[in-house]
Structures are given as C-alpha cells and as structure tokens.
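*Asks:* model the structure of this input:
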Amino acid sequence: MYLPSKIGQKGDEVDKMKSANEEASPSGSSSGRSTKSPGVFPTFSVAAIPPRAAVSSLATRGIFDLSERPKEISCRNDDAFVAHGAYLLFNAIKRKLTESSYAKVVIGLSGGSTPLPIYSALRHLALASADHEPGRAATHLATAVPEFSEELQRDAKGSDSALDWTRVFFFLVDERYVHPTHADSNQRSIRKHLLGQPNGVACDQPGAECGGDVLPVPEKNLIFPDTSLPLEDCIVKYRSALLELLAATQQIDLVTLGLGPDGHIASIFPPLSEEDLKEQMNPNPIVLHTTTSRFAGFDRITVSLQLLCGAHQKVFFLKGDEKIRLWRDMQDDARSKVRDSKVSVAEFPALAVLQSGNVKVVAVPPLDVHEEHLQQQLRADRTFLSVVVLGASGDLAHKKTYPALFSLFCEGLLPPHFHIVGYARSKMTFDQFWEKISQKLKSLSSFFCRRASAIDLLASFKSHCSYLQGLYDRPADFANLGNHLKEVEGDAEQVGRVLYLALPPDVFLPSVKSYRQSCWNTKGWNRVVVEKPFGRDLKSSDKLSASLMALLREREIFRIDHYLGKEMSLSLTALRFANVAFMPLFHRDYVHSVRITFKEQSGTWRRGGYFDNYGIIRDVMQNHMIQLLTLVAMERPASLKDDDIRDEKVKVLKQMPPV
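*Replies:* Below is the predicted model:
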C-alpha cells in the first residue's frame, strides 16, 4: 500500500467505498407513479424500515453510530462560503469529466436563496477556466470570489483542455408548482444564476436576454419539470425524463441540499407519516407531489428521499445562525436517540441522507460549537496578547508563521488587543519587512473577503505588527525589545506573551536566556513555542531540554511540528479508525509495504547555511515524516485525547530498530 505522495493539498480526497444496501420493498402504486423499478441508480434502505404502529417509533440509528461522519467545511464569512461551495462543485465536475472522454456528470440542484451566489460563482469560475471571453470572465470572477484567481492559474497548468459542458447534466431536486418564468420558480433562478440567462428564458426561446457569459450547457442537458403542464402530467413527464437520464448515465454524481427552518430538505416536509416515509424510501416513484402551507408555493414537485440517498455525493449548504442551530439540534438528537429514541427520519429527513454516507456540509458561521465559543471568549477577553517571532526574516516565518497568524486574525481567533513583533538579525525597515511577508498574505486575504475590503484587512493586520533588528545573544538588543513590548502594551492590566522560536536550535538557548532576562512578562502568563528540529541528535536534544527547563516551567513550553496541522495529517486518524471500509485494511496481513514520499517544489535557496549544519534528514525525516509514519502504523488509541495518541505513537517508535 502506498500513501499519497502529496499530503494536505487542496482537492486531495480519498474515494469512499460504499456498501450496497438492499432495496426497500415497493409500496402500492398511486396515480401518476411508475410501478416498475427503474433499476438504474443506487438504492438506499433506512434499516429496511418495517411497518410500525406509531410514527415516533420510526427512529433509525443515529448518525453518531456510523463509521463515516459528514465532512464539515466551516466558513467564517459569506465570501468564504461562496468560494468553498463553488469550488467544491467545480472540482466534482472536473474530476468526473477527466476520468475519460466518455464520462458524463449528473448534478441535482436545490433551489432557494442560499445556493444562488454559489451557482453564480460556479459559472464565473467555469467561464474563466475555459477562457471563454477571458476579459469579462476574469472581471466577474474577481468580483464574485477573489480566491479563484490564484486557483485558476494553478488549474490551468494542469489542464490540457476546457471542460466539455455537453457532458454535464443538471436536474432540479425540487420545484414549486408555478410557471417556469414565475419569480418563485427554482428553474428560473437557476437559469439566471448558474446558466447566465438573466430573465430565466432559455437562449433559444423568444424573449431571451442572453449575453456573452452564458454557461455552455445544451438545453437538452437541463432536466427541469415543465410546470406549465397540469400537475399530474408535469410529474409523469419529469419522472420519465429523469428515468431516461439515469438509464443513460447510471448514476447521480452529486446533489446539493439545504435545510429548511422546519427541518425539510428538497420539498420533503416533516413530520412524515409512516405512509409518507414508505413512499419516500420506495425506489419506484422517484418524483413525488408534496404540499406545504408553511412556505410560498403550496404544491411542490420533489425527487424522493430514496433518490437523494442514492446520489454518490451529497452537499449541504447551511447559512445563518438559525440553520446552524437546527443542524446542531438534529445531531444532538441523533446522539441522544440511543437513550430515549426520540429522533427519527420522519422528524429529520436529512438523517436518511447522512446515513447514506459521503456527505459534505459547507456552513457559515462555523459548525464547531467550541470554536464559536472560543471566538466569543476572545472578544470578551481584556488580556493584551503580544507575540514575538524570533527569526522573523527567515523562511519558516515568511511561509508559515505569519500566514498562520494572519489566518487566525481573519477568522476572529485572536483577541481584539494584540501585537506581533518580528525580531531578526536582518537590517531592514518595517516597510521592507512588510513588503517581504505581505506577498504571502495577499492570497489569504482574498480568501476571507472580497477584493474591495482585502486592502482594509491587510492594513488592519499591518497596524498590529512591527519589526526590530537585533542579535539573539545580545542582552542590550533584547532590552530594546522589552521596552518596545511595554510601549505597545500600554497600560493593559492583563498581558499574555508568546515567544515563537522560528530559529535553528543552536540559538534557542541564548535567545531564551536574553528574553527571560529582559522581556519576561510579570502582568500575566508567558509561553515559549519551540519549532523543530529540537537539537541535532539525542544527546544535544536532552541537553537543550535540560537547559530550557532550568529557565522555564514545562507548562510554559510548547514543542510544535507544524506539519501535523495539515488537513490530510489531521484526517489520518479518522480515516483509519472511523471508517469501517479502511480500518480492517490497515493490517500487516493486507499491507505489503508503506512508502511515505515527501515532495517539495522549493529547494535550498537562501537556506544553504541551515542545510550545511542540519541536512534534509534532520529537517523533515526525523520529525515530519516519522510523525506521519506513527500515525499510519500505530494501533487504535484508547481515546482521541492527546496523551492516548502520544502513547500509541511511542509504542511504534520503540518497535523501530535504529538505522
């Protein structure tokens, strides 16, 4: 078995294996419904639900009983939400089309206001990627989602040709039974935002107002219900069109979904009666008629819950505090269901989709309750935070440390009152220093905000930064640093100081000694962050550790390996121990060998002195790569607590013979 050679890059995903589920028993047919199973798309059974006496007893297993949980993509603002959503859809289409010249992509689209900006951004991204009227497309793209400018350049290098949109098919997950040109029509909104048809009229029809930024999807590839027909005829025709599409493509690749304030998805409105649920999970009537008096559009046309579950990939777009709270409540109910059996698919149809697997959730604000609570605490915290980066002019600070601090600033994870002091031997002014580090920050700023406010975001972060030149073993220079810290902290009553050592280990000790003597904080707490490598060998590591412990307490020292913060590194534990498809395979009976390949584009440019002293083995192998090796080879920890994971890693290291 070989591990991916590119770790933590955007777009790298592990294809998920899904077990086949037995088909639900077909229920009796009703008017306008087909009684013959199409047999051309995957079916999903919610525990083969048997007839029950009460709706409340239709509870299914909670999502926290499953091995594969939804992948949550938390966004901090609307622009990040649009960027993540559009790029996720674009990559799904691109990945399928590039599999072969015959591959076709089938996407089910939900309506409502939440996904419309995402659909617009997807169109701009597609047009710019295809170099379709590049000037206009680039202008639209920069306005809609600035993040895509850099992504497009990278994608263009690895793409030989534009995407073939004649092999992409779209259908509606649900629709209000109103005329196609009605303001409440989902297909009208999708034509306007996704296809670039401003008045919702197809470009080949009279009255169309199409311009030069139309997505080149053929009209025959748009499977929409013809709501100009009588309701029953509309349902029959739409069902036939979908069956014909599925017979030709054999699979729905992706569906987009939202979550209504009452918990509905598509136009499947809870609570569902026992008969409703049986009908929704029946593989035969893939298109159904539903009604609601809670929202505009009493009569609705929706694809079945069974069809949604059978899609290869499901993406939920959640926006707003109300939707986030509802999603959390649904998950909390699913977790408590084991105790009181109060939650069911009848109450939350989305649970059936979650149980079918391969679900992503793009959300703003963040879904993580702990992170939201942390942001609230930071906003209320009156402690002044000072961060001192030693080695600020070096490669690590430029590429990793300052971008990480800027990301925390953009995400609201720094307190309101903070200051970052860069300290290095290089003689330069603050403006020269800022010019050096800001190039890396500009691409991040476009990810978190629109171009109009990106300058303000960078300027705000710049106002919290400064730079001092000095030597690492000269007390007078650190005395100057101490005076500078007192000046920026002013009369703050509570102060926390973080010393970040982005330095080679041979200057750790003199730097900490000088800092301890001249810059130690007496108005709050102190922390020292030590980067790898921690010494040249075991002897020097033990000596360095003992020397630091003579100056600091253990709780004041944080030893960090930034490689463990990469997304793929963070996902290895879940991939191995929370996925029934892969967990048994990570075993000596099935794994022939493990190869960890480290690829890096940059060389030793301007870092020759460092590599002369430490070399590539000490730089990446004895830290980054061995950390990954322990994550791959360790046994299942007793829990996901730090101590338990560390203990399992140590067991692996003890079993490795020295080289």
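*Asks:* all helices for the stretch 401-550 of the chain, in order.
*Replies:* Counting by DSSP state H, counting those that start in this stretch, the stretch 401-550 of the chain has helices at residues 402-410, 430-448, 451-462, 475-489, 508-518, 538-551.
*Asks:* output the lowest mean pLDDT helix or strand found in the protein.
*Replies:* Here the helix or strand of the chain ranked lowest by mean pLDDT, DSSP states H and E is helix 134-144, holding a mean of 44.
*Asks:* returning to what we had before: which of the helices of the stretch 401-550 of the chain sits closest to residue 82?
*Replies:* Comparison of those against residue 82 by CB to CB identifies helix 430-448 as nearest, at 11.1 Å. The way it works is simple: take the backbone N, C-alpha and C, and place the C-beta from them, glycine included.
*Asks:* now that closest one: average pLDDT?
*Replies:* Across helix 430-448, the average pLDDT comes to 78.
*Asks:* on the three-state scheme, the most centrally placed residue in the chain is what?
*Replies:* When CA atoms, centre = their mean is applied to the chain, the residue found nearest the centroid is residue 73 (3.2 Å). Classification of residue 73 by DSSP: H, G, I helix; E, B strand; the rest coil places it in strand.
*Asks:* next, the closest residue to it other than its chain neighbours: secondary structure please.
*Replies:* Nearest non-adjacent residue to residue 73, counting by CB to CB, 6 or more residues apart in numbering: residue 362, 4.7 Å away. With three-state DSSP as the basis, residue 362 sits in strand.
*Asks:* confidence score at residue 362?
*Replies:* pLDDT at residue 362 comes out at 92.
*Asks:* list the buried residues in the helix or strand harbouring residue 232.
*Replies:* Residue 232 belongs to helix 231-249 when assigned by DSSP states H and E. By 16 or more other CB atoms under 10 Å, the buried positions in helix 231-249 come out as 234-236, 238-239, 241-243, 245-246, 249.
*Asks:* who does it touch, helix- and strand-wise?
*Replies:* strand 105-109, strand 168-172, strand 222-223, strand 287-291, strand 299-303 (3 or more CB pairs under 8 Å, 6 or more residues apart in numbering; DSSP states H and E).
*Asks:* closest one to residue 512 among these?
*Replies:* Across the helices and strands packed on helix 231-249, closest to residue 512 is strand 105-109 (CB to CB), at 55.9 Å.
*Asks:* and that closest one, which strands flank it?
*Replies:* In the sheet, strand 105-109 lines up against strand 168-172 (parallel), strand 254-257 (parallel) (DSSP bridges).
*Asks:* next SSE downstream of the shortest one?
*Replies:* If I follow you right, that is strand 254-257. Using DSSP H and E, the next helix or strand after strand 254-257 towards the C-terminus is helix 274-280.
*Asks:* off-centre distance for that next one?
*Replies:* Remark: helix 274-280 is offset 34 Å from the chain centroid, using CA atoms, centre = their mean, to the nearest Å.
*Asks:* hmm, back to that, including mean pLDDT, could the helices and strands packed on helix 231-249 go into a markdown table?
*Replies:* Output for these, formatted as a markdown table (pLDDT from 0 to 100):
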| stretch | mean pLDDT |
| --- | --- |
| strand 105-109 | 96 |
| strand 168-172 | 97 |
| strand 222-223 | 95 |
| strand 287-291 | 93 |
| strand 299-303 | 94 |
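*Asks:* what would those look like in a markdown table with mean neighbour count?
*Replies:* A markdown table is the format used below for these (neighbours: other CB atoms under 10 Å):
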| stretch | mean neighbour count |
| --- | --- |
| strand 105-109 | 24 |
| strand 168-172 | 22 |
| strand 222-223 | 18 |
| strand 287-291 | 20 |
| strand 299-303 | 23 |
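*Asks:* and of the ones you listed, who's closest to residue 395?
*Replies:* Closest of the helices and strands packed on helix 231-249 to residue 395 is strand 105-109, at 41.4 Å (criterion: CB to CB).
*Asks:* outside of that closest one, which residues touch it?
*Replies:* Strand 105-109 is contacted by residues 89, 92-93, 96-97, 115, 119, 167-173, 186, 190, 194, 245-246, 249, 251-256, 303, 308, 311 when judged by CB atoms under 8 Å, 6 or more residues apart in numbering.
*Asks:* go with 6 Å
*Replies:* The contact list for strand 105-109 (CB atoms under 6 Å, 6 or more residues apart in numbering) reads 93, 96, 168-171, 173, 190, 249, 252-256.
*Asks:* residue 270 contacts residue 347, correct?
*Replies:* Yes - if you go by CB atoms under 6 Å, residue 270 and residue 347 touch, sitting 5.3 Å apart.
*Asks:* rank the helices of the stretch 401-550 of the chain by mean pLDDT and give me the bottom one.
*Replies:* For these, mean pLDDT drops lowest on helix 451-462, to a mean of 68.
*Asks:* now the angle from the helix or strand where residue 124 lies to strand 105-109?
*Replies:* Residue 124 belongs to helix 116-129 when assigned by DSSP H and E. Put simply, helix 116-129 runs at 150 degrees to strand 105-109, going by axes from the mean of the first three to the mean of the last three CA atoms, to 10 degrees.
*Asks:* check the gap between the most far-flung residue of the chain relative to its centre and residue 470 for me.
*Replies:* Farthest-out residue of the chain from its mean C-alpha position, per CA atoms, centre = their mean: residue 476, at 46.5 Å. For residue 476, the distance to residue 470 equals 8 Å [CB to CB, to the nearest Å].
*Asks:* what do you get for residue 292?
*Replies:* Distance, residue 292 to residue 470, using CB to CB: 68 Å.
*Asks:* how about low-confidence regions in the protein?
*Replies:* Scanning the chain with the threshold set as pLDDT under 70 gives 1-69, 131-161, 332-343, 368-380, 443-455, 580, 602-614.
*Asks:* just checking, the residue nearest to the centre of the chain touches residue 83?
*Replies:* No - using CB under 6 Å, residue 73 is not in contact with residue 83, being 10.4 Å away.
*Asks:* what touches both of the two?
*Replies:* With CB under 6 Å, 6+ apart, residue 73 and residue 83 have no common neighbours.
*Asks:* which parts of stretch 387-402 are buried?
*Replies:* Result for stretch 387-402 [16+ other CB under 10 Å]: buried residues 387-394, 396-398, 400-402.
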